[in-house]
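>>> fold the following and give me the result.
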Amino acid sequence: MKNYFILLLGIFFTSVAMPTDSFDDLYQQGLIAQERMKSDNSSTWDTALDYYLQASALRPDRAEPLVAIARYYIAHEQLELAFMFARRACELAVPDCNMIELCAYDYFRYEALSACASSVREWKLGLWATQQALKARSKVERLHERLCYYHEQLTLEAGRAIMVKESNSL
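Numbering: from 1, shown residues only. Reported below is the predicted structural model:
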């Protein structure tokens, strides 16, 4: 009788008291939906995006879904949209929990922001993100190229500011 009661309690807590849509479940469903888009077209980006957004709403302190969204938009050359998600991902602290994708926090969020900041003329932010990504993966050539690009853009912007200042004083 005691084992039967314990079995019933287990069923109750797993089916009623425990929510089935946890952050991890929703995030994993987003990854699966995105993978199915590539392999057999049995899913759409809207489905994956919905899972990612639900996961993000459940745990707004987690960057993984935001990084996945940003990387999708970068791959599809929608850089302004990617920028919004990558920037938010970079604003988050690394959560104090065991089950995180550390590479999303150490590298991918910064790499994503580095890739799309130029599309909205955020040179300083792009430079910072590139520097952060290089801390995790110092041998990635495209990051070194972006570093030079952002330095050039900041130099040009400073030169333009000087020219405007001088023309206003004439």
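
>>> OK, contacts around the most centrally placed residue in the chain?
In the chain, the centroid-proximal residue (CA atoms, centre = their mean) is Val67; its distance is 1.6 Å. Neighbouring residues of Val67 by CB atoms under 8 Å, 6 or more residues apart in numbering: Phe85, Ala86, Ala89, Ala104, Phe108, Arg109, Ala112. For every residue, glycine as well, the C-beta is placed using N, CA and C.

>>> which one among those residues gets closest to Ile162?
Comparing these against Ile162 with CB to CB places Ala86 closest, at 30.8 Å.

>>> from memory that closest one sits against Leu66, does it?
Yes: when contacts are counted by CB atoms under 8 Å, Ala86 is listed as touching Leu66 (7.3 Å).

>>> between the two, point out the one with more neighbours.
More crowded of Ala86 and Leu66, by other CB atoms under 10 Å: Ala86, with 31 against 26.

>>> for the more buried one, give its distance to Asp46.
20 Å (CB to CB, to the nearest Å).

>>> for Pro60, same thing?
In terms of CB to CB, Pro60 sits 21 Å off from Asp46.

>>> and what of Ala57?
Separation of Ala57 from Asp46 (CB to CB) stands at 16 Å.

>>> please report how far Leu31 lies from Glu122.
Following CB to CB, the distance that separates Leu31 from Glu122 is 28 Å.

>>> try Gln54
Here the criterion is CB to CB. By it, Gln54 lies 28 Å from Glu122.

>>> show me the shaky parts of this protein.
1-20, 170 (pLDDT under 70).

>>> hang on, the earlier thing: make TSV from the contacts of Val67 and add distance to Leu147 and secondary structure to it.
What follows is the contacts of Val67, written out as TSV (distance: CB to CB, whole Å; DSSP: H, G, I helix; E, B strand; the rest coil):
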residue	distance to Leu147	secondary structure
Phe85	22	helix
Ala86	17	helix
Ala89	20	helix
Ala104	21	helix
Phe108	17	helix
Arg109	17	helix
Ala112	16	helix
